[in-house]
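S.K.: Okay, sequence plus prediction incoming.
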Amino acid sequence: MIRKPRQITPYVDRDLDCQAALEDTFQHMVHLAVISGWNKVEAITAFQELAYAHLSTEDENMHATLAIIHIGLTKH
């Protein structure tokens, strides 16, 4: 079970709380990759690259949304 944040709104060290909440799940996923034949470095690198790809997608989506909002505001 992944722990929930202490509060819904942003707070100091929320990112560290999220890391701590995900640590056991992350270690379990690395373990599953290792017993499937991947080594730890391969597994951790793959998670890192997946994370960067997802962050890039989120960033692109945010920029597209802001561009759409800007276009909508300039038409009025």
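M.R.: Structure received.
S.K.: State the distance from residue 16 to residue 30.
M.R.: 20 Å (C-beta to C-beta, to the nearest Å). Where you see a C-beta, it was placed from the backbone N, CA and C, and this is true even at glycine.
S.K.: Ok, residue 23 next?
M.R.: 11 Å.
S.K.: Which element, helix or strand, includes the residue nearest the centre of the chain?
M.R.: Nearest to the mean C-alpha position of the chain, by C-alpha atoms, centre = their mean, lies residue 51 at 5.6 Å. Residue 51 is part of helix 40-74 when elements are defined by DSSP states H and E.
S.K.: Return the set of buried residues in that helix.
M.R.: Within helix 40-74, the residues that qualify as buried are residue 43, counting by 16 or more other C-beta atoms under 10 Å.
S.K.: Give the other helices and strands that it contacts.
M.R.: helix 14-35 (3 or more C-beta pairs under 8 Å, 6 or more residues apart in numbering; DSSP states H and E).
S.K.: Name the residues of the helix it packs on that come out as buried.
M.R.: Buried, per 16+ other C-beta under 10 Å, within helix 14-35: 17, 30, 33.
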